[in-house]
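S.K.: the following block contains a protein sequence and its predicted model.
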Amino acid sequence: MGLDRHPTPASADAPGWMEVSLCGPTLVMEAIADFLHRLGSAGAVFSEDPKARPGSEVITAFLPRAADLDGKLQELRTYLAGLRRLWPKSAWGELETRTVIEQDWVEEWKKSFSPMPVGERFWVVPTWREVPEPAKQPGRLVIRLDPGMAFGTGLHASTRACLRQVETLVPERARSVLDLGTGSGILAIAGRMLGADRVLAVDLDPAALEVAQKNAEINGLSGIEFRAGGADPEARLSDQPFDLVLANIFANELIRLKPLLLRHLAPAGRLVLAGIFFQQAEEVEAVFQPAALRLVERPREEEWVTLIFELGVRH
């Protein structure tokens, strides 16, 4: 286990960005990326380290050099220390930092985002790439996406799992969709593309909502309502419940927001909980299952579990 290298002192007047990079086990890289996003990173680049042990990966992200940078770096070191305690036998490198002023890191990040098929019908294609020929085949739906400063490219295993549920459930039974933690808006866009009559996309981050709205416009979609919120478990986001409620967020937030999620789920509706490490799945399942919910599916991809519940009796 490596020790963190001391960061360069930050200044409120310092221009540019602080590049942070770390080599660690692949199974936790998406969680680290999510945490960095919460600290203000606008994106992350994943790469292989030829010197590292198999099953390891390098994450590189960029934090704005601002007055609170030192505090954010300390939060990151504390978070990483917790992960290292959970995976003590994994290969961990040092947290390395350097100041970046004249480097267009966005272009570097874009290189890692390629067109990809998801499920039976969707292709997710970034706006700066051409639509590949397989995506033009009859029956395929193309989501053009510019994630900007928001998460949700379709590359993450939990996002792919949610997209598959949207693909299955919206044509069959879900005429209304709530997307809590919409990020880039990809799930809300998919639901609307498949014909959902009412779609509500919610996020805490105003920048994410701006990106999601822009992506809806890029795809020529109207009829999606975008709303800031989702932090208060007692909040009401809509007077009408939803046939499909999607929540692709941290496991601890899923547990905390249980009252909000159930309040917005219609009778016989499906609740899709994603972004759950497999080690946390049993805890989340135990919290939700007593609430008149029946677990109908529990798919796992890589180290991520998705829990799909159906509400039998209005709770």
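M.R.: Received, thanks.
S.K.: every contact and neighbour count from this point should use C-alpha atoms.
M.R.: OK.
S.K.: ok, then the element right after the lowest-mean-pLDDT helix or strand in the chain?
M.R.: Sorted by mean pLDDT, DSSP states H and E, the helices and strands of the chain end with helix 105-110, the least confident at a mean of 63. Going down the chain from helix 105-110, the next helix or strand is strand 116-118, by DSSP states H and E.
S.K.: quick one: Ala81 is in a strand?
M.R.: No. Applying DSSP: H, G, I helix; E, B strand; the rest coil, one finds Ala81 to be helix, outside a strand.
S.K.: separation between it and Glu94?
M.R.: In this view, Ala81 and Glu94 are 11 Å apart by Cα to Cα, to the nearest Å.
S.K.: likewise for Ala135?
M.R.: 41 Å.
S.K.: can you check Val177 too?
M.R.: Counting by Cα to Cα - Val177 and Glu94 are separated by 42 Å.
S.K.: Asn219 too?
M.R.: From Asn219 to Glu94 the distance is 41 Å (Cα to Cα).
S.K.: again, but for Leu311
M.R.: Applying Cα to Cα, the value for Leu311 to Glu94 is 46 Å.
S.K.: which of these two has more neighbours?
M.R.: More crowded of Leu311 and Glu94, by other Cα atoms under 10 Å: Leu311, with 21 against 14.
S.K.: does that one really touch Ala292, like I thought?
M.R.: Yes. Using Cα atoms under 8 Å, Leu311 is in contact with Ala292, at 6.0 Å.
S.K.: which parts of stretch 133-144 are buried?
M.R.: Residues of stretch 133-144 classed as buried by neighbour count (16 or more other Cα atoms under 10 Å): 135, 141-144.
S.K.: neighbouring contacts of that stretch?
M.R.: Contact partners of stretch 133-144, identified using Cα atoms under 8 Å, 6 or more residues apart in numbering, comprise 117, 120-127, 186, 189-190, 193, 215, 218-219.
S.K.: filter these to the buried ones?
M.R.: 117, 121-126, 186, 189-190, 193, 215.
S.K.: now those residues in a markdown table, with pLDDT, distance to Val100 and secondary structure?
M.R.: Output for these, formatted as a markdown table (pLDDT from 0 to 100; distance: Cα to Cα, whole Å; DSSP: H, G, I helix; E, B strand; the rest coil):
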| residue | pLDDT | distance to Val100 | secondary structure |
| --- | --- | --- | --- |
| Pro117 | 92 | 34 | strand |
| Arg121 | 93 | 40 | coil |
| Phe122 | 94 | 37 | strand |
| Trp123 | 95 | 34 | strand |
| Val124 | 92 | 30 | strand |
| Val125 | 93 | 29 | strand |
| Pro126 | 91 | 25 | strand |
| Ile186 | 93 | 30 | helix |
| Ile189 | 97 | 35 | helix |
| Ala190 | 96 | 36 | helix |
| Met193 | 96 | 40 | helix |
| Asn215 | 95 | 29 | helix |
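S.K.: Pro54: what secondary structure?
M.R.: Secondary structure state of Pro54, per three-state DSSP, is coil.
S.K.: brain fart, Lys89
M.R.: In three-state terms, and counting by three-state DSSP, Lys89 is coil.
S.K.: gap between it and Leu83?
M.R.: Lys89 is 11 Å from Leu83, by Cα to Cα.
S.K.: more neighbours: which of those two?
M.R.: Relative neighbour count places Leu83 above the other of Lys89 and Leu83, with 16 against 10, counting by other Cα under 10 Å.
S.K.: can you pull the pLDDT of the more buried one?
M.R.: On the pLDDT scale, Leu83 is placed at 92.
S.K.: repeat for Ala42
M.R.: At Ala42, the pLDDT value in this model is 63.
S.K.: before we move on, what about the one 10 residues further on?
M.R.: We note a pLDDT of 66 for Ala52 in this prediction.
S.K.: kindly report the same for Phe242.
M.R.: pLDDT, read off for Phe242, is 97.
S.K.: that one: neighbour count?
M.R.: 28.
S.K.: list the contacts of it.
M.R.: Applying Cα under 8 Å, 6+ apart to Phe242 gives the contacts 174-178, 264-266, 269.
S.K.: and those as CSV, adding secondary structure, pLDDT and distance to Ile32?
M.R.: CSV is the format used below for the contacts of Phe242 (DSSP: H, G, I helix; E, B strand; the rest coil; pLDDT from 0 to 100; distance: Cα to Cα, whole Å):
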residue, secondary structure, pLDDT, distance to Ile32
Ala174, coil, 88, 33
Arg175, coil, 94, 35
Ser176, strand, 97, 32
Val177, strand, 98, 28
Leu178, strand, 98, 26
His264, coil, 97, 30
Leu265, strand, 97, 30
Ala266, strand, 96, 34
Gly269, strand, 95, 32
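S.K.: and which of the residues you listed is nearest Glu57?
M.R.: Distance to Glu57 across those (Cα to Cα) is lowest for Leu178, with 33.8 Å.
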